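Undergrad: Need coordinates for the following:
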Amino acid sequence: TVPLGAFRIVFVVFHLHRLYCRACDRTLTERVEMLRGKNRWTVQLAQQVLELVDKMNLQSIAWYLRMSWDTVKKIHAQWLRHKARQRYKELSALRYLAIDELAIRKGHRYVTVVLDLERRCPVWVGKGRGNKALEPFYKLLAHRGIAPVAVAMDMWPTYTELTMKYFPSALIVYDRFHIVANANKALDETRRLLARDADILEAKAIKGTRWVLLRNAGRLANNPKAQEKLQLVARFNEPLYHAYLLKEQLRELWDTCRNDFEARDYLHDWIQQATSSSVYPMVRFARSIAAHRRGILDWFSCRISTGPLEGLNNKIKVLKRNAYGYRDRAYFTLRILFINEAKHVFVG
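TA: Numbering: from 1, shown residues only. Next comes the predicted model:
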């Protein structure tokens with residue numbers, strides 16, 4: 001056992017023997033039990049680093065053990081690659097997936113993350129977004145004969161087309177929170193358009209209503225000031241108030257309807273109301289909902305969402321911010337794959 005600790009540098013020198021085997025006509029090198037492969041660090045040191053990596057950042061570990069930062073990173077990355085190989089052997093258990101992209105740097109730099117919704121762990125991190133980021137993972141699943149039961153995603157066409165191409169029997173479930181967020185965007189665009197052409201009274205009624213219109217109605221029930229704002233909008237700007245009601249009616253779809261049949265009728269009526277309104281952003285949004293109707297209704301057959309993945313995205317942002325970015329993209333990918341196993345302890 002080699003003593004390890006702060007302010008102690010230990011060098012171990014080995015005199016290895018090379019042996020010639022007449023049976024296999026090969027020259028072999030003596031095996032050293034305290035080393036693995038061609039690593040230039042001992043097993044004991046690697047275990048020490050892995051014990052500290054969940055409690056300290058890499059720079060602090062390198063200072064504590066008087067090692068190079070690159071060596072500490074190599075030890076951790078080697079262990080993460082070993083765990084990643086073990087995880088990919090367990091892909092046959094995949095049934096429910098969630099897909100979303102995350103901006104990791106300015107200039108539209110993205111990673112596409114696929115989450116196993118049952119185990120709550122990432123199973124794929126693709127560089128960029130779109131076909132190039134997701135298709136290699138789908139090819140891997142198809143090659144192994146693995147077909148997920150359902151996939152949760154937003155309404156981006158690329159994800160839908162790839163899923164239908166490789167897994168035509170899988171349910172495509174559009175995330176309800178993304179849909180409501182798009183409804184809020186359409187409502188906010190409506191507010192800006194109407195405010196631009198409003199007269200004095202209408203402009204006064206619209207001013208300061210953005211936060212009221214975008215919040216859920218249930219959170220405004222006990223807020224007299226918010227109720228007063230809504231009454232002003234209803235009195236002086238009927239198209240904007242109608243758009244607000246459409247947003248709220250759509251949000252209640254998932255809470256009001258008990259099954260696919262009720263939801264189909266409810267959504268059909270909502271689309272008719274929205275497309276017959278005089279508000280163009282809501283009409284455009286309603287057409288998008290009509291085009292993605294099947295994926296919205298599939299939620300009532302398989303109630304999954306990308307919500308757990310959104311929470312994971314926040315952890316990834318914290319990971320990146322604590323490290324002030326990552327120079328090694330492969331190492332960053334490995335950290336994302338096992339981010340739920342990390343214990344975030346901040347060391348100054």
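
Undergrad: So F14 sits against R31, correct?
TA: No - when contacts are counted by Cβ atoms under 8 Å, F14 is not listed as touching R31 (10.9 Å). Any C-beta I mention is one placed from the backbone N, CA and C, and that applies to glycine too.

Undergrad: W41 - how many residues pack around it?
TA: W41 is flanked by 19 other residues according to other Cβ atoms under 10 Å.

Undergrad: Verify the contact between it and Q78 for me.
TA: No - taking contacts as Cβ under 8 Å, W41 lies outside contact range of Q78: 9.7 Å.

Undergrad: hang on, G126 is in a helix, isn't it?
TA: No - counting by DSSP: H, G, I helix; E, B strand; the rest coil, G126 is not found in a helix; it is strand.

Undergrad: My guess is it contacts V111. True?
TA: Yes - with contacts counted by Cβ under 8 Å, G126 reaches V111, the gap being 6.6 Å.

Undergrad: Spit out the residues that contact the two alike.
TA: Applying Cβ atoms under 8 Å, 6 or more residues apart in numbering, one finds that G126 and V111 are jointly contacted by A133.

Undergrad: Stretch 280-295: which residues count as buried?
TA: Under the neighbour-count criterion of 16 or more other Cβ atoms under 10 Å, stretch 280-295 has P281, M282, F285, A286, I289, A290, H292, G295 buried.

Undergrad: Stretch 97-105 now?
TA: L97, A98, I99, D100, E101, L102, I104.

Undergrad: Stretch 171-187 now?
TA: For stretch 171-187, by 16+ other Cβ under 10 Å, it's 171-176, 178-180, 182-183, 186-187.

Undergrad: from those residues, which single one is nearest L220?
TA: Nearest to L220, judged by Cβ to Cβ, of the buried residues of stretch 171-187 is L187 at 14.4 Å.

Undergrad: So for the helix or strand containing the closest one, mean pLDDT?
TA: According to DSSP states H and E, L187 maps onto helix 176-196. When pLDDT is averaged along helix 176-196, the result is 89.

Undergrad: got the contact list for that helix?
TA: Contacts of helix 176-196 (Cβ under 8 Å, 6+ apart): 154-155, 202-203, 206-207, 209-210, 213-214, 237, 239-240, 243-244, 246-247, 250-251, 254, 279-282, 284-285, 288-289, 296, 299, 305-307, 310.

Undergrad: Would you mind checking those residues for buried ones?
TA: Buried members of the contacts of helix 176-196, counted by 16+ other Cβ under 10 Å: 154-155, 202, 206, 209, 213-214, 237, 240, 243-244, 246-247, 250-251, 254, 279, 281-282, 285, 289, 296, 299, 305-306, 310.

Undergrad: So the chain: which segments form each domain?
TA: Annotated domains of the chain cover 18-87, 90-175+305-338, 176-300 [automatic domain parsing].

Undergrad: now those domains as JSON lines including distance to V10?
TA: Below are the domains of the chain laid out as JSON lines (distance: least, Cβ to Cβ, whole Å):
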{"stretch": "domain 18-87", "distance to V10": "9"}
{"stretch": "domain 90-175+305-338", "distance to V10": "26"}
{"stretch": "domain 176-300", "distance to V10": "53"}
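
Undergrad: Tell me which of the buried residues of stretch 97-105 fall in strands.
TA: L97, A98, I99, D100, E101, L102, I104 (DSSP state E).

Undergrad: Verify the stated contact: the fourth one with N314.
TA: No - shown here, D100 and N314 do not form a contact pair, counting by Cβ under 8 Å, at 11.8 Å.

Undergrad: Which one of the buried residues of stretch 97-105 is nearest to Q47?
TA: When the buried residues of stretch 97-105 are compared against Q47 (criterion: Cβ to Cβ), the nearest one is I104, at 30.9 Å.

Undergrad: can you pull the contacts of that closest one?
TA: Y110, V111, I316, K320, F332.

Undergrad: What's opposite the first one in the beta bridge?
TA: As for beta bridges, Y110 partners with A103 under DSSP bridges.

Undergrad: Run a quick neighbour tally on it.
TA: Using other Cβ under 10 Å, Y110 has 16 neighbouring residues.
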